[in-house]
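Asks: here is my input, please return the structure:
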Amino acid sequence: MKSQIEEKLEGWREEINDRLGNLSFPEVPKSLYNPMKYTLDAHGKRIRPILVFLVGEGLGADHAKLIPAALSVEILHTFTLVHDDIMDNDTHRRGMPTVHVKWDVNTAILLGDALMSIAFKTLMQTDSPNVPQMGSEFSKAMLEICEGQSLDMEFEGRDNVDSGEYLEMVGKKTGRLLGLSCQLGAMVADSDQKVVDEMFLFGKELGKAFQIQDDLLEIISDEQKMGKSLGSDIFAGKKTYLMIEAISGITDEEKENFISFLRKNANNRETILKEFKKRECIEKSRNLINTLLGQAKSCLKVLPQKAQKDLESLVEIISYRQS
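Replies: Numbering: from 1, shown residues only. Below is the predicted model of the structure:
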């Protein structure tokens, strides 16, 4: 039996899916707008718009006033996924062929650019005196997400990335957008700057934990649940938290042999999981996730009790997710 908060989240998820699916686009060019409808119709977790709703409503904002901001962060997120998939050469996203695979790379690049424009346009439809500040934070977030992706790509060519650098990268690439979602909810509610700042920190820490959990699930889950393959990150040399911990403190020759082993066994999830377990990377990842989630929850003290409880419930749901 689902809890009250789970039913609320499911209702919001369905609402976001419906609203994204019913967005109106021009008929031409079909080569742009057909792929756009395709990628927005792919049903994801919708964590970012849910955060807008939870924070905003928890601070007293009307649901209707939060909708443009909620849609904008999900559209922005979709833009980042389309371009990430090109750079990472991923073939599937949310259980569907990626845009550059179903169409081509040029289509995916244009689609991402168009989605970013539509995200900003949607945000500007928010009925709030804080729209200028919201637009500023939205722009900052877009730039930081690009910085995070750039760092992620830089790390692929390095075997000496430490956990501090990794956390800075995911704080930009993943944490910044979750932080933005919480900021926007608080701004629509016309909250004090201290509350807005604490909500940003909550989202950012939650985002870091969310990304490390993704890294972990890439190893311990399966392709059907995750909607993408395991091998792509391994062959690309991605420095996930698990990989950083696995190669920390060993010689260059040992690193080379370990990475070669992973590539040879990229399609054997059980073998790779056994290797990471042996190096205690699974346990270390879970410990760090719990630490980050604890830090996130400590930011919620500025909220009314009901809002604090609902967001703590979301944290718990996220911490137990399996896909």
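
Asks: show me the helices in the stretch 201-323 of the chain, by range?
Replies: Under the criterion DSSP state H, counting those that start in this stretch, the stretch 201-323 of the chain contains helices at 223-226, 231-236, 241-247, 252-264, 269-278, 281-298, 305-319.

Asks: compute the inter-axis angle for the fourth one and helix 269-278.
Replies: Orientation check (axes from the mean of the first three to the mean of the last three Cα atoms, to 10 degrees): helix 252-264 against helix 269-278 gives 150 degrees.

Asks: buried sites along stretch 48-62?
Replies: 48-59, 61 (16 or more other Cβ atoms under 10 Å). Any C-beta I mention is one placed from the backbone N, CA and C, and that applies to glycine too.

Asks: one step back: Ala70: which of the helices of the stretch 201-323 of the chain is closest?
Replies: Among these, the nearest to Ala70 by Cβ to Cβ is helix 305-319 (14.4 Å).

Asks: list the contacts of the closest one.
Replies: Contact with helix 305-319 is made by 3, 5-6, 8-9, 47, 50-51, 54-55, 57-59, 202, 206, 209-210, 213, 289-290, 293, 296-297, 300-301, 303, as judged by Cβ atoms under 8 Å, 6 or more residues apart in numbering.

Asks: you'd agree Pro26 is up against Lys37?
Replies: No - with contact defined as Cβ atoms under 8 Å, Pro26 does not count as touching Lys37 (11.4 Å).

Asks: and those two? Which one has more around it.
Replies: Lys37 (13 against 8; other Cβ atoms under 10 Å).

Asks: show me the contacts for the residue nearest to Ser191 when sequence neighbours are not counted.
Replies: If the residues on either side of it in the chain are set aside, Ser191 comes closest to Leu59, at 5.2 Å by Cβ to Cβ, 6 or more residues apart in numbering. Leu59 makes contact with Gly185, Ala186, Ala189, Ser191, Val195, Leu303, Pro304, Ala307 under the criterion Cβ under 8 Å, 6+ apart.
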